[in-house]
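> whatever this is, show me its structure:
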Amino acid sequence: MRQRNWCSHPGCTTIKSLTFSPYHNIDESREKYPNVLVTTSTRDDRVHPAHARKMVKKMWDLGDGKDWPVFYYENIEGGHGGAADSKQEAFMTSLSYDFMWRVLTNTLH
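Prediction:
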């Protein structure tokens, strides 16, 4: 039996607001984007890390020479939740907080 929200492919929803695709909506005419930290896990069994890699690569390519600060971290362990144990979870949390702190204090670059 299929679940109510089950989809055969990404973006197959009939609800317009849920069809939003960040990858397909990158506006290359923009000169500035907000700071972005993309994280993924090599061993994610639900969302392949290639999606994150592809998004970051596109932003790096389109943002070349512009103010598009995009940062990427790929955990080689873990899974869909991002961490394999509490030590990795603490690291991922501190990575996110460090990123936010550097954005807020303008010390990212």
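> got the phi/psi numbers for Thr93?
phi -70, psi -50 (degrees, to the nearest 10).
> residue contacts, the residue minimising distance to the centre of the chain?
Centroid check for the chain by CA atoms, centre = their mean gives Val38 as the closest residue, at 3.6 Å. Contact partners of Val38, counting by CB atoms under 8 Å, 6 or more residues apart in numbering, are Ala52, Met55, Val56, Val70, Phe71, Tyr72, Tyr73. Every residue, glycine included, has its C-beta placed from N, CA and C.
> helices of the protein, start to end?
With DSSP state H as the criterion, the chain has helices at 50-62, 86-104.
> wait, which of these is closest to Arg43?
helix 86-104 (11.4 Å; CB to CB).
> pull out the buried positions in the closest one.
Within helix 86-104, the residues that count as buried by 16 or more other CB atoms under 10 Å are Gln88, Met92, Leu95, Phe99.
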